[in-house]
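# Take a look and give me a structure for this.
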Amino acid sequence: MDERRSEIAYHALRVALGVVPLAAGADKFLNLLADWPSYLSPLAVRLLPVSPETFMRLAGIVEIVVGAAILLRFARIFAWVAMAWLAAIALELFTTGRFLDVAARDLVMATAAFALAKLAPAFERAPSRAHRPATEGTPAPRQA
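Take a look at the predicted model:
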């Protein structure tokens, strides 16, 4: 695949996996798109140390952070977080025995997040190595 096609795929995935979590995360506070607490399985509700509403708001914060980080070109790290998050959501939804269509969609989105995580290093700068210690046998950089 040529680099231009890879770049287009990277940008499309970055926008989709940035905007959708941002919107879903914000909606955890508004409940305009869905009644989010109803997506939790009875087992999860019993095990949670907080109310389902509070848990969903915390989930919303995570989704907002992940979506914003992906949009801000930190997909090389946060696409992996999105992948794991979406797979966990799908697993939890499967335990409800309901919302199986949403669980399937989240598994597809987790696969898209995996693809983004694999593409991102080609289009995003690596974290700065300036503060890493020099490896043995390699002279440390001179201080100006």
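
# among the helices and strands of the chain, which has the poorest mean pLDDT?
One helix or strand of the chain scores below all others by mean pLDDT, DSSP states H and E: helix 42-47, with a mean of 91.

# Quick check: buried residues in the helix or strand just after that one?
Scanning forward in sequence from helix 42-47 by DSSP states H and E, the next helix or strand is helix 52-71. In terms of neighbour count (16 or more other Cβ atoms under 10 Å), helix 52-71 has its buried residues at 52, 55-57, 59-60, 63-64, 66-67, 69-71. C-beta coordinates here come from the backbone N, C-alpha and C atoms, glycine included.

# same thing with stretch 76-94?
76, 78-83, 85-87, 89-90, 92-94.

# name the element Asp101 belongs to?
Counting by DSSP H and E, the secondary-structure element that holds Asp101 is helix 100-123.

# For that helix, give the mean pLDDT please.
Helix 100-123 shows a mean pLDDT of 97 in the predicted model.

# same for that helix, what does it pack against?
Helices and strands touching helix 100-123, as assessed by 3 or more Cβ pairs under 8 Å, 6 or more residues apart in numbering; DSSP states H and E, comprise helix 3-30, helix 75-96.

# Any idea which of the ones you listed gets closest to Ser41?
In this view, the helices and strands packed on helix 100-123 are compared for proximity to Ser41 by Cβ to Cβ, and helix 75-96 is the closest at 4.3 Å.

# Which residue lies closest in space to the residue nearest the centre of the chain, excluding its sequence neighbours?
The centre of the chain sits closest to Ala82, judged by Cα atoms, centre = their mean, with a distance of 1.9 Å. For Ala82, the nearest residue in space outside its immediate sequence neighbours is Ala113; the separation is 4.1 Å by Cβ to Cβ, 6 or more residues apart in numbering.
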